[in-house]
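> Below are the sequence and a predicted model for it; my questions follow.
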Amino acid sequence: MNRRGKRVMIAGVRGRPALLVCAALTVATLSCGPAGSSCPAHDYDMRTCPSPMPSFSTDVQPIFAAKCTTCHAPGGLRASSPLTTWKQIDGLLSTVVTYVVTCKMPNVGEGGVALTPAERSTMLDWFACMAPDN
């Protein structure tokens, strides 16, 4: 029997907000990690966009450059998924949100450098603001 999968729709939510809502729902299902996990994944659920909102070019892009491009740039372990420009990040946004929220990236085991609490907070704030190219 050949059945097509059903699509899950969120009433009244389309585009980037729907993407971030779906990422948040994914995070909610993944955030129940092993006992003793130090990742505060639950801190994203109720986050709202702060004022002033983080700037991609001033606040967020330097974090990606320092912490992500070790692997996610030409010559890196994950060169096939580059994260050097806003457009590249936007193309992988739901994955990036999930991995940052659940503290799975940067992958310290593969030579990545962990985000500081302040860097992680800046990225989570930027995600909550719908990840603008500002």
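Cool, got the structure.
> For the protein, which segments are assigned as helices?
Counting by DSSP state H, residue ranges of the helices within the chain are 15-30, 61-67, 86-91, 93-101, 117-128.
> mean pLDDT lowest for which of the ones you listed?
Mean pLDDT across the helices of the chain is lowest at helix 15-30; the value there is a mean of 51.
> what residue is smack in the middle of this structure?
Most central residue of the chain, judged by C-alpha distance to the mean C-alpha position with CA atoms, centre = their mean, is residue 97 at 1.7 Å.
> surely that one meets residue 127?
Yes - under the criterion of CB atoms under 8 Å, residue 97 makes contact with residue 127 at 5.2 Å. Backbone N, C-alpha and C define where each C-beta goes, glycine included.
> ok, now which ones touch residue 58?
Neighbour list for residue 58: empty [criterion: CB atoms under 8 Å, 6 or more residues apart in numbering].
> what comes up buried for stretch 125-134?
Residues of stretch 125-134 classed as buried: 125-129, 131 (neighbour count, 16 or more other CB atoms under 10 Å).
> And for stretch 110-120?
112, 115, 119-120.
> mind saving the C-alpha coords of it as PDB?
The C-alpha atoms that make up stretch 110-120 are tabulated as PDB, following Å, rounded to 0.1, in the frame of the first residue of the first chain:
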ATOM      1  CA  GLU A 110      35.400  17.500  16.300                       C
ATOM      2  CA  GLY A 111      37.600  20.400  17.200                       C
ATOM      3  CA  GLY A 112      34.900  23.100  17.600                       C
ATOM      4  CA  VAL A 113      35.100  25.700  20.400                       C
ATOM      5  CA  ALA A 114      32.000  25.800  22.700                       C
ATOM      6  CA  LEU A 115      29.800  28.800  22.700                       C
ATOM      7  CA  THR A 116      30.100  31.000  25.900                       C
ATOM      8  CA  PRO A 117      26.800  31.500  27.700                       C
ATOM      9  CA  ALA A 118      26.800  35.100  26.300                       C
ATOM     10  CA  GLU A 119      27.400  34.000  22.700                       C
ATOM     11  CA  ARG A 120      24.700  31.300  23.000                       C
END
